[in-house]
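>>> okay, sequence plus prediction incoming.
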Amino acid sequence: MKLFEFFKRKKTIPEGLWTKCPQCKELLYTPDLKDNLWVCPSCGYHFRIDARTRIDITLDEGDRKELFTEIQPTDPLNFKDLKPYKERLEEAKKKSSADEAIIFVEGYIYGRKAVVGAMDFNFIGGSMGSVVGERFYRACKYCAENKIPLIVFTASGGARMQESILSLMQMAKTSIAVGFLNKARVPYITVLTDPTMGGVSASFAFLGDIIVAEPGARIGFAGARVIEQTIKQKLPKGFQTAEFLLQKGLIDNVVHRKDLKIYLKDMLDLLFYRPREISFAVSK
């Protein structure tokens, strides 16, 4: 009787145990997918990851310091569409691992000090508002003054409409901020992830000394459909993908997620750390 009741009982699978790959449709065991850095082992599809996960797989464990957490969003325009902007912000904080669409953490990449910024698409589509612009501006100043390389992972749908012109102003503000790094001769590296669109792609995403992207990342300004309707032409296959942009010379490399940390370490050595060591040795 007990055996009969056991088989009669409804079988349930815990939520989140399996993840379906949107590209090859393979059903993946989520813990294995996490161990594989959220890359499909069957087809190589790079899943979107949140800002905290990005920081965790990029920086060495241990000595880390989050920067500019005191810069928090407000509602200067008292904006309301289907719901108040303040309410959207609170909902975004619950959905996201970050308190805004970008976070900055100071740490080490294989022992090389760096400040890493990571955008979070879960926070209102990674949209660039005043906080994103201000945090980026301060990160550039901080890195320039302290001679620390800056690496930023982009993931954004563009400007944040709830902040109107204040959001659009961040394109100029972030572009000016990159100038601090150039003047101080401090490296700035950008890693474009899926998606990098709109005002972010039109400003600090494409101002890096080294610009790389993850495989398959969608990168551009306006969407493909809008462009086709504007120019009245059919776009090439693979338009706005990382591979297409590499072919056309708009980015420097496409790097698999599992190789990205070592690649960034090599770029830091190439641009900053090893040249300094060589220069110091010659001066002695």
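Everything's here; your move.
>>> where do the helices of the stretch 151-284 of the chain begin and end?
164-184, 198-201, 224-231, 242-247, 257-268, 274-283 (DSSP state H, counting those that start in this stretch).
>>> from these, which stretch is densest packed?
Of all the helices of the stretch 151-284 of the chain, helix 198-201 has the most neighbours on average by mean count of other Cβ atoms under 10 Å, namely a mean of 24. Heads up, the C-betas are built off the backbone N, CA and C, glycines and all.
>>> the strand or helix carrying F104 to helix 257-268, inter-axis angle?
Assigned by DSSP states H and E, F104 belongs to strand 102-109. Comparing the axes of strand 102-109 and helix 257-268 via axes from the mean of the first three to the mean of the last three Cα atoms, to 10 degrees yields an angle of 70 degrees.
>>> just give me how far strand 102-109 sits from the chain centre.
12 Å (Cα atoms, centre = their mean, to the nearest Å).
>>> and stretch 82-91, by the same measure?
The answer for stretch 82-91 is 23 Å, by Cα atoms, centre = their mean.
>>> dump it to CSV, keeping only the CA atoms.
Output of stretch 82-91 as CSV, limited to C-alpha atoms (Å, rounded to 0.1, in the frame of the first residue of the first chain):
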residue,chain,number,x,y,z
LEU,A,82,2.2,53.4,-16.8
LYS,A,83,3.7,53.6,-13.3
PRO,A,84,5.8,56.2,-11.5
TYR,A,85,9.6,56.1,-12.2
LYS,A,86,10.3,55.7,-8.4
GLU,A,87,8.3,52.5,-8.5
ARG,A,88,10.2,51.2,-11.5
LEU,A,89,13.5,51.8,-9.7
GLU,A,90,12.4,49.8,-6.7
GLU,A,91,11.2,47.0,-8.9
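>>> how about it: buried residues?
Within stretch 82-91, the residues scored as buried using 16 or more other Cβ atoms under 10 Å are Y85, R88, L89.
>>> got it, and stretch 39-48?
V39, C40, Y45, H46, F47, R48.
>>> can I get those residues in a markdown table with secondary structure and pLDDT?
Shown next, in a markdown table, are these (DSSP: H, G, I helix; E, B strand; the rest coil; pLDDT from 0 to 100):
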| residue | secondary structure | pLDDT |
| --- | --- | --- |
| V39 | strand | 98 |
| C40 | coil | 97 |
| Y45 | coil | 97 |
| H46 | strand | 98 |
| F47 | coil | 97 |
| R48 | coil | 97 |
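>>> can you put these in TSV and add distance to E61?
Formatted as TSV, the buried residues of stretch 39-48 follow (distance: Cβ to Cβ, whole Å):
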residue	distance to E61
V39	21
C40	26
Y45	27
H46	23
F47	22
R48	23
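>>> so how far is the helix or strand harbouring R52 from its chain's centroid?
Using DSSP H and E, R52 falls within helix 51-58. Averaging C-alpha coordinates over helix 51-58 and over its chain gives two centres that are 10 Å apart (Cα atoms, centre = their mean).
>>> follow-up on the earlier one: name the helices or strands packed onto the strand holding F104?
helix 51-58, strand 65-67, strand 112-119, helix 130-146, helix 257-268 (3 or more Cβ pairs under 8 Å, 6 or more residues apart in numbering; DSSP states H and E).
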